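Visitor: I need the structure of the sequence given here:
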Amino acid sequence: MTNQTANYLIHDRNSRGHTKIGWLDSYHTFSFGNFQDPNRMGFRSLRVINDDRVIPGAGFATHGHKDMEIFTYVLEGELEHKDSLGNGAIIRPGEAQIMSAGTGILHSEFNPSSTEPVHLLQIWILPNQKDLAPRYDQKAFSIAERQGKLRLIAAHDGRDGAVKIFQDVDLYTGILQPGDEINYEISSQRYGWLQIAKGVAVLNGEELREGDGVQITGAENLHITTEVGTEILLFDLG
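Guide: Model prediction:
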């Protein structure tokens, strides 16, 4: 189900694709795997937003990617990353992790905990050029940097301490408590995508819940509040 309002289109959480196997419970905002919807083929350079929950001790075995910017954002728990470049790291909430697949890379992602599940968003963005050299980067952002405000965590120019992404995308995150409010303007020459990662947000008077996405085309003033608490990702797209 979608809902058109002014310059934005709401992609309802209940119309996402869903994959559930023994160790993985995943919802797909855009077409992915066996879920194919001609109305959900991505937006601008955005191609995948997967909302994944992985049980303790399980994960994605080694597999390959090519010519994709792959961004991981952990919401709860921890995720262990290993790749063919020799990188090994634990990704925790509040950290921005990006991998340029470029000419080709192999990696695995596992939940290292024996007791706690991990909840993450995996985001794929088309790069602005093919055959890049594969690379990995990861940076942490404190709760104070994200509380009640937007914090830039990925950008095409890597400014303000954000991880660099090879595409005309600025990615912000914010954590709002009741009483907090965020204002952001999408310019007439840009596009936006708002993803509700956790909780309940109110965008320009309209309630949105965890898993909802909002596609924004052209000039739009975004006023975001919450009555119960929320965590959001906001993409400013070329």
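
Visitor: What are the contacting residues of the host helix or strand of L75?
Guide: Using DSSP states H and E, L75 sits in strand 69-76. Applying CB atoms under 8 Å, 6 or more residues apart in numbering, the contact partners of strand 69-76 are 79, 81, 91-93, 95-101, 109, 116-127, 154, 165-167, 171, 173, 197-198, 231, 233. Where C-beta positions appear, they are placed from N, C-alpha and C, glycine not excepted.

Visitor: Mind doing that once more with 7 Å?
Guide: Strand 69-76 has contacts (CB atoms under 7 Å, 6 or more residues apart in numbering) with 79, 91-93, 95-101, 118-125, 127, 154, 165-167, 197-198, 231, 233.

Visitor: angle of the lengthiest strand in the chain against strand 69-76?
Guide: Counting by DSSP state E, the longest strand found in the chain is strand 191-203. Going by axes from the mean of the first three to the mean of the last three CA atoms, to 10 degrees, strand 191-203 is angled at 10 degrees with respect to strand 69-76.

Visitor: for strand 191-203, packing partners?
Guide: strand 206-209, strand 213-217, strand 220-225, strand 230-237 (3 or more CB pairs under 7 Å, 6 or more residues apart in numbering; DSSP states H and E).

Visitor: Reformat those strands as JSON lines; add mean neighbour count.
Guide: Listed next are these as JSON lines, based on neighbours: other CB atoms under 10 Å:
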{"stretch": "strand 206-209", "mean neighbour count": "16"}
{"stretch": "strand 213-217", "mean neighbour count": "22"}
{"stretch": "strand 220-225", "mean neighbour count": "17"}
{"stretch": "strand 230-237", "mean neighbour count": "22"}
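
Visitor: To S15, which of the ones you listed lies closest?
Guide: Across these, S15 has its closest neighbour in strand 213-217 (10.2 Å, CB to CB).
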